[in-house]
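Peer 1: Mind folding the following:
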Amino acid sequence: MIILSFAIAQICIAQQSDINVRYQKQREELLERHEKNRNRMLKRYEEKRQKLMEEYEAFRRNIRVRWGEDEPLESTRKEWVEYSEDLSSRSIVDFENGEVTIEVIADSTVNDKSIDKMLEKATEDLMASKGKNIDFKSEVIKQTEICPAPILEGQLDLNRQKDPEKITENIDTENGRKRKVSIHLELVPDHIRIRAAKYQEIIHSHATRFNISEPLIYAIIEQESFFNPKARSIANAYGLMQIVPESGGLDANIYVHGRHEKPEPEYLYDPYNNIELGAGYLQKQLKVYFKDVTDPRCRTLCAIAAYNTGQGNVYHVFTGKRKPDGAANKINKYSYESLFDHLRKNLTHSETRNYIQSVISKMEKYKVY
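Peer 2: Next comes the predicted model:
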């Protein structure tokens, strides 16, 4: 009996050893496959990145040849810039001041009648444009429209400004002397209100989903981009709510979609995607980072400041550290008015100090929406 038990024990030990060997082999094979897949993915990513850089360099080179400029004009937080497909014309829309510049470039021998036709065509194209997710043709990223309707629909009344003055400038390029002709137009006086109304359905949907005040979303969009869907800042924040992929974009993507990846600019230029992540990020500020602030108005003030500068910088105002430890307890000692004054005086960056005042002010006018 003892011998039988010993034999069984030996068999068990042998089986366990065999299982361990097989498990270890399977684990090594799995890790090897994972590493190969990871390397293939990294290689594909690097190839696409390199191809995209080459395409952008070709775009820059074509701008330099045609326009005589070292760098193409690009959209900013307040301005939307778009080139025609053949790069013979471009439009610059200043969404803050309601001003439009349309420019065409041609050989110096082209007559005035042909220039007028080019300007007319460029104006028509601008009025019909729904925006592009990328400024140049690409094999890596499919060029698509970013809005369902023309961005300037109802905002550019040509009957109010017939025969605008044409400004001519001679430009020396690699292909010889060119003639650049510009006209300046104005958007209708209430252009911001008209653009805001375009996003009413999207804002209502996401505000309801994330339980966020609609006036707050409208106010932040106006403050961030003046309702410019192609907005891009010098800090590489993108779209209507100016989301930075590496920081707020990543944080919002994890919170909203459970995706631990930063959203691409092309994704953020889509108004639906942008407002979804922006509203989700606001909810995270309210429901997570400042959830222990008891006064809803004070909690909103902190969220507005954090949207601009990050929650760590708001914590720092109260604790001297960029961590939440004890921040809510100190914030709860303030009334709304005194908290507003405290933030306005003590936030590190003047931009954020002005930001909270501007957003709060803008919220008032959107309460009627």
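Peer 1: got the residue ranges for the strands in the stretch 51-200 of the chain?
Peer 2: Using DSSP state E, counting those that start in this stretch, the strands of the stretch 51-200 of the chain run over residues 79-83, 89-94, 99-107, 167-173, 176-186.
Peer 1: In its sheet, which strands sit next to the fourth one, and in what direction?
Peer 2: So the one you mean is strand 167-173. If you go by DSSP bridges, strand 167-173 pairs up with strand 176-186 (antiparallel).
Peer 1: how about the CA coordinates for the partner strand, as CSV?
Peer 2: As requested, the backbone C-alpha atoms of strand 176-186 are provided in CSV (Å, rounded to 0.1, in the frame of the first residue of the first chain):
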residue,chain,number,x,y,z
GLY,A,176,8.7,83.3,-61.3
ARG,A,177,6.6,86.4,-60.4
LYS,A,178,3.0,85.8,-59.4
ARG,A,179,0.1,88.0,-58.8
LYS,A,180,-1.8,87.6,-55.5
VAL,A,181,-5.2,89.2,-55.3
SER,A,182,-7.3,89.4,-52.1
ILE,A,183,-10.8,90.5,-51.1
HIS,A,184,-12.2,91.1,-47.7
LEU,A,185,-15.7,90.3,-46.6
GLU,A,186,-17.6,90.5,-43.4
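Peer 1: relative orientation of that strand and strand 99-107 in degrees?
Peer 2: 160 degrees (axes from the mean of the first three to the mean of the last three CA atoms, to 10 degrees).
Peer 1: Surely residue 172 is in contact with residue 67?
Peer 2: No - counting by CB atoms under 8 Å, residue 67 is not a contact partner of residue 172; they are 10.9 Å apart. (Each C-beta comes from the backbone N, C-alpha and C, glycine too.)
Peer 1: Give me the common contacts of these two.
Peer 2: Each of residue 178 lies in contact with both residue 172 and residue 67 under the rule CB atoms under 8 Å, 6 or more residues apart in numbering.
Peer 1: Those two: which is more packed in?
Peer 2: Remark: of residue 172 and residue 67, residue 67 carries more neighbours, 21 against 9, as counted by other CB atoms under 10 Å.
Peer 1: pretty sure that one is touching residue 171, no?
Peer 2: Yes - applying CB under 8 Å, one finds residue 67 in contact with residue 171, separated by 6.9 Å.
Peer 1: Spit out the residues that contact the two alike.
Peer 2: By the contact definition CB under 8 Å, 6+ apart, residue 67 and residue 171 are jointly contacted by 105, 178, 180.
Peer 1: Could you export the residues you listed as CSV, including pLDDT?
Peer 2: Compiled in CSV, the shared contacts of residue 67 and residue 171 are given as follows (pLDDT from 0 to 100):
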residue, pLDDT
105, 97
178, 96
180, 97
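Peer 1: Of the strands of the stretch 51-200 of the chain, give the one that comes closest to residue 123.
Peer 2: Judged by CB to CB, the one of those that comes nearest to residue 123 is strand 99-107, at 5.7 Å.
Peer 1: buried stuff in the closest one?
Peer 2: 100-106 (16 or more other CB atoms under 10 Å).
Peer 1: Please apply the same query to stretch 290-303.
Peer 2: By neighbour count, and taking 16+ other CB under 10 Å as the criterion, the buried residues in stretch 290-303 are 290, 293, 298-303.
Peer 1: first vs last residue of it, how far apart are they?
Peer 2: According to CA to CA, to the nearest Å, stretch 290-303 extends 7 Å from its N-terminal end residue to its C-terminal end residue.
Peer 1: Closest to residue 340 out of the buried residues of strand 99-107?
Peer 2: Sorting those by how near they are to residue 340, with CB to CB, puts residue 100 at the top with 37.1 Å.
Peer 1: which residue sits closest to that closest one, ignoring its sequence neighbours?
Peer 2: In space, residue 100 comes closest to residue 185 once its chain neighbours are excluded; the distance is 4.2 Å by CB to CB, 6 or more residues apart in numbering.
Peer 1: domains for the protein, by residue range?
Peer 2: Segmentation of the chain into domains, based on automatic domain parsing, reads 15-190, 199-368.
Peer 1: Tell me where this protein is predicted with low confidence.
Peer 2: Per-residue confidence of the chain (counting by pLDDT under 70) places the weak regions at 1-23, 25-26, 29-31, 33-34, 36, 38, 41, 369.
Peer 1: One more pass at 90, please.
Peer 2: 1-49, 160-163, 175, 367-369 (pLDDT under 90).
Peer 1: And the helices in it, which stretches?
Peer 2: Secondary structure of the chain, counting by DSSP state H: helices at 2-67, 112-128, 191-198, 200-210, 214-225, 250-257, 265-268, 271-284, 296-309, 311-319, 327-331, 336-346, 350-365.
Peer 1: Residue 103 contacts residue 182, correct?
Peer 2: Yes - at 4.6 Å, residue 103 counts as touching residue 182 under the criterion of CB under 8 Å.
Peer 1: picking that back up, right, so the domains of the chain: which one is the most enclosed?
Peer 2: The densest packing among these, expressed as mean neighbour count by mean count of other CB atoms under 10 Å, is seen in domain 199-368 with a mean of 19.
Peer 1: Contacts only, for the closest residue to residue 303 other than its chain neighbours.
Peer 2: Using CB to CB, 6+ apart and skipping the chain neighbours, the partner closest in space to residue 303 is residue 285 (3.8 Å). With contacts taken as CB under 8 Å, 6+ apart, residue 285 has the following neighbours: 302-303, 306-307, 311.
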